[in-house]
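[1] Can you look at this prediction? I've put the sequence above it.
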Amino acid sequence: MSGSKTPATDAGKISLTGAGKISVIGAGAWGTALAQMLATAGRAVTLYAREAALAAEISTKHANSRYLAGIPLDPAIRATAALAEAAEGAEMVLLATPAQFARGAMAALHPHLPPDAAVVNCAKGIEIKTGKLLSEAAAETLPENPYAVLSGPTFAHEIARGLPAAVTFATKAPAARAARWAQMLSAKAFRPYLSSDVAGAEIAGAVKNVIAIACGIVEGKGLGLNARAAVMTRGLAEMKRLGCGRGADAETFLGLSGLGDLALTCNAMASRNFSLGFALGRGEKLEDVLAGRASVAEGVATARAIALNATAFGVEMPISAAVDGILHHAAPIDAVIARLMERDLKTENL
């Protein structure tokens, strides 16, 4: 199960005759992995890198030593540091920039995008400045372009190596177009499942990063597997609570973008958010952990955005609030854990 309100059209029966160019905006680990997967599947793909040196390395050495070291890239990937060149003639644009930079990237794309190009959000976060979902940011910056979100349990290095994965592809576009786009993104080892619950997929991806930080803290503190399982389960309840409060479908949170991604991210040191929480649980300072990383842990900014969303929509999210307190208000971890355990008893409600 990957989400609800699934379009009836079978993506496997959609012809890709004349399929257009796919542009990936952002040459970090995730963007590069997506470009690799698409190129290997025979799609025409252009990868935009903000730094010219990185674009040159990808194009000439077929490598991304900063974000995907040790993984040879398909020579068919065309990399460029010119945004206009990346966007020109694209049928689909995958936004793989960090969530807090997505609005700026969309605004920069606006003059260059064909009006019917599908814009697919591949980031997992909520804007900290506005509290808005990235779909809401897209509606304001790219109102004429159809929008979709790609989300699910995906580690970039596994996708780049061609290991199997399944994801949610959510869009409110008509079924035939949604199915065509999903087919464009499909590959032998990459399977999208269609949904129309855009808000649910985005909220699930954002909240799971915050819960992953909480699970990392549990692991770093040596609190055991029982505690981690409890945090994951109650974190899923928080995800669903916020999502339903914002009009999403409850079933989405049991799918790939919800439970699937939560299970992956909360149980592996390969997760940026889990490993960040682990370091905090071991006593490291947040600024030191962030300073030593090239990649962004989306859950750090999103924890603040979710806390603001919870207040605005009247939703109780104690684990997310605890992570926000630790990250942004210098709350002592031991005291936060004690407060969570001392909360009033209540009926379990998912």
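    Structure's in. What do you need? In this text the structure is predicted, and so the values were computed from the model without any measurement.
[2] And the nearest residue to Pro72 once chain neighbours are set aside, its phi and psi?
    Closest residue in space to Pro72, ignoring its immediate chain neighbours: His62 at 6.0 Å, by CB to CB, 6 or more residues apart in numbering. For the C-beta atoms, the positions are set from N, CA and C on the backbone; glycine is no exception. When read as degrees, to the nearest 10, the backbone of His62 gives phi 50, psi 50.
[3] contacting residues for His62?
    With CB atoms under 8 Å, 6 or more residues apart in numbering as the criterion, the residues that contact His62 are 72-75, 77.
[4] Mind telling me the two of the residues you listed farthest from one another?
    Looking at these by CB to CB, the two members farthest from one another are Pro72 and Ile77, with 10.9 Å of separation.
[5] ok, the two, which is more surrounded?
    Between Pro72 and Ile77, counted using other CB atoms under 10 Å, the more crowded position is Ile77 (21 against 12).
[6] what kind of secondary structure is the residue nearest to the spatial centre of the chain in?
    Central residue of the chain (CA atoms, centre = their mean): Lys124, 2.9 Å from the mean position. Under DSSP: H, G, I helix; E, B strand; the rest coil, Lys124 falls in the coil class.
[7] got it, and Val24?
    Secondary structure, three-state DSSP: Val24 is strand.
[8] so it bridges to which residues?
    For Val24, the beta-bridge partners under DSSP bridges are Leu47, Leu94.
[9] Relative to the whole chain's centre, how far out is the helix or strand where Ala139 lies?
    Using DSSP states H and E, Ala139 maps to helix 134-141. Per CA atoms, centre = their mean, to the nearest Å, the displacement of helix 134-141 from the mean C-alpha position of its chain is 16 Å.
[10] ditto for stretch 262-271
    Between the mean C-alpha location of stretch 262-271 and the chain-wide mean there is a distance of 13 Å, by CA atoms, centre = their mean.
[11] Which residues belonging to that stretch are considered buried?
    Taking 16 or more other CB atoms under 10 Å as the basis for neighbour counts, the residues of stretch 262-271 that come out buried are 262, 264-267, 271.
[12] Could you dump the residues you listed into JSON lines and include distance to Ile217, pLDDT and secondary structure?
    Output for the buried residues of stretch 262-271, formatted as JSON lines (distance: CB to CB, whole Å; pLDDT from 0 to 100; DSSP: H, G, I helix; E, B strand; the rest coil):
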{"residue": "Leu262", "distance to Ile217": "16", "pLDDT": "98", "secondary structure": "helix"}
{"residue": "Leu264", "distance to Ile217": "18", "pLDDT": "98", "secondary structure": "helix"}
{"residue": "Thr265", "distance to Ile217": "14", "pLDDT": "97", "secondary structure": "helix"}
{"residue": "Cys266", "distance to Ile217": "11", "pLDDT": "98", "secondary structure": "coil"}
{"residue": "Asn267", "distance to Ile217": "14", "pLDDT": "96", "secondary structure": "coil"}
{"residue": "Ser271", "distance to Ile217": "13", "pLDDT": "96", "secondary structure": "coil"}
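[13] Columns distance to Cys215 on top of those residues, output as a markdown table?
    Supplementary listing: these in a markdown table, determined by distance: CB to CB, whole Å:
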| residue | distance to Cys215 |
| --- | --- |
| Leu262 | 9 |
| Leu264 | 11 |
| Thr265 | 8 |
| Cys266 | 4 |
| Asn267 | 7 |
| Ser271 | 9 |
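[14] out of the residues you listed, who's nearest Arg103?
    Checking the buried residues of stretch 262-271 against Arg103 with CB to CB, the nearest one is Thr265 at 23.9 Å.
[15] Is the closest one in contact with Thr154, as I believe?
    No. Counting by CB atoms under 8 Å, no contact exists between Thr265 and Thr154, whose distance comes to 9.9 Å.
[16] and this structure, what are its domains?
    Domain assignment of the chain by automatic domain parsing yields the ranges 11-196, 204-341.
[17] And those: which comes nearest Asn349?
    Nearest to Asn349, of all the domains of the chain, is domain 204-341, at 7.0 Å by CB to CB.
[18] show me where the chain has strands.
    Counting by DSSP state E, residue ranges of the strands within the chain are 21-25, 45-48, 78-80, 90-95, 118-121, 147-151, 165-171, 190-195.
[19] between the ones you listed, which gets nearest to Ile333?
    In this view, these are compared for proximity to Ile333 by CB to CB, and strand 147-151 is the closest at 28.9 Å.
[20] Using PDB, list the CA coordinates for that closest one.
    Coordinates of the C-alpha atoms in strand 147-151 are reproduced here as PDB (Å, rounded to 0.1, in the frame of the first residue of the first chain):
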ATOM      1  CA  TYR A 147       2.900  19.400  -9.700                       C
ATOM      2  CA  ALA A 148       3.800  16.000  -8.200                       C
ATOM      3  CA  VAL A 149       5.800  14.600  -5.300                       C
ATOM      4  CA  LEU A 150       8.100  11.600  -5.200                       C
ATOM      5  CA  SER A 151       8.600  10.200  -1.800                       C
END
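[21] Return the residues in contact with the closest residue to Ala76 other than its chain neighbours.
    Counting by CB to CB, 6+ apart, Ala39 is the residue found nearest to Ala76 once chain neighbours are left out, at 4.3 Å. With contacts taken as CB under 8 Å, 6+ apart, Ala39 has the following neighbours: 45, 73-74, 76-77.
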